[in-house]
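Need the 3D shape of this:
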Amino acid sequence: MLGKIVQLLNSLLSSSEKNGMTLGKIGSTFGPLLLRKSSTDTSPTDAKSEIIQTLAQEFYRIFHFQGDDIRYKENLVETASLDKLLEKLLDEFSTDLTFPELLFFSHEYYVPTDQLLQRLFKMYKSMKSSSSWDVRLRLRLLNVLKLWTDKQQGELETL
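Numbering: from 1, shown residues only. Model (predicted):
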């Protein structure tokens with residue numbers, strides 16, 4: 001379903017000379033409409049607009065990605081498998097402080113909340129050793145889960 005919506009946005013963008021729908025107009029029109037707002041959502045409308053703009057502009061790269069790697073464009077994740085996204089989520093050397101928030105804000109477009117939560121719990125349980133590395137990864141995962149619960153509390157309460 002999301003693929004069809006984004007394909008429509010991409011076709012609007014392709015015909016922008018005829019219909020007057022520039023990338024900015026598509027983002028500001030469809031961002032607030034397509035990205036739901038929960039009672040605890042503190043994300044600004046311009047962030048939603050940016051997400052829609054990116055989806056419309058990068059439709060083919062996002063929805064036709066094949067592979068098990070992360071592709072970057074201008075230091076932002078362009079395409080990735082879910083496993084690679086979760087790996088990046090726990091990367092303690094990552095300097096992208098917005099990545100966890102963006103992942104949790106947009107995850108429902110590629111994985112349901114309950115499945116993402118199960119994957120994160122499974123990752124946590126797999127880190128059984130008391131090595132300093134596993135302890136650091138578990139703490140990182142707990143911090144990421146705390147961020148998610150703080151930002152998207154209403155979403156998690158429905159599970």
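
CA atoms for contacts and neighbours, from now on please.
Noted.

Okay, the residue nearest the centre of the chain and residue 87: tell me how far apart.
The residue lying closest to the centre of the chain (CA atoms, centre = their mean) is residue 103, at 3.0 Å. Counting by CA to CA, to the nearest Å, the gap from residue 103 to residue 87 is 12 Å.

Now do the same for the residue of the chain most remote from its centre: helix, strand or coil?
Centroid-distance maximum for the chain: residue 18 at 31.4 Å, with CA atoms, centre = their mean. Following DSSP: H, G, I helix; E, B strand; the rest coil, we place residue 18 in the helix state.

Three-state assignment for residue 72, please.
Assigned with three-state DSSP, residue 72 falls in the strand class.

Quick check: it vs residue 110, distance?
For residue 72, the distance to residue 110 - CA to CA - is 18 Å.

Check which helices and strands the longest helix along the chain sits against.
In the chain, taking DSSP state H as the definition, the longest helix is helix 132-151. On a contact count with 3 or more CA pairs under 8 Å, 6 or more residues apart in numbering; DSSP states H and E, helix 132-151 meets helix 99-106, helix 113-126.

The ones you listed: lowest mean pLDDT?
When the helices and strands packed on helix 132-151 are compared on average pLDDT, helix 99-106 comes out lowest at a mean of 85.

Give the buried residues for it.
For helix 99-106, a neighbour-count test (16 or more other CA atoms under 10 Å) marks 99-101, 104-105 as buried.

who touches residue 101 in this structure?
Contacts for residue 101 (CA atoms under 8 Å, 6 or more residues apart in numbering) come out as 147-148, 151.

Recalculate using a threshold of 10 Å.
43, 89, 107, 144, 147-148, 151-152 (CA atoms under 10 Å, 6 or more residues apart in numbering).

Thank you, goodbye.
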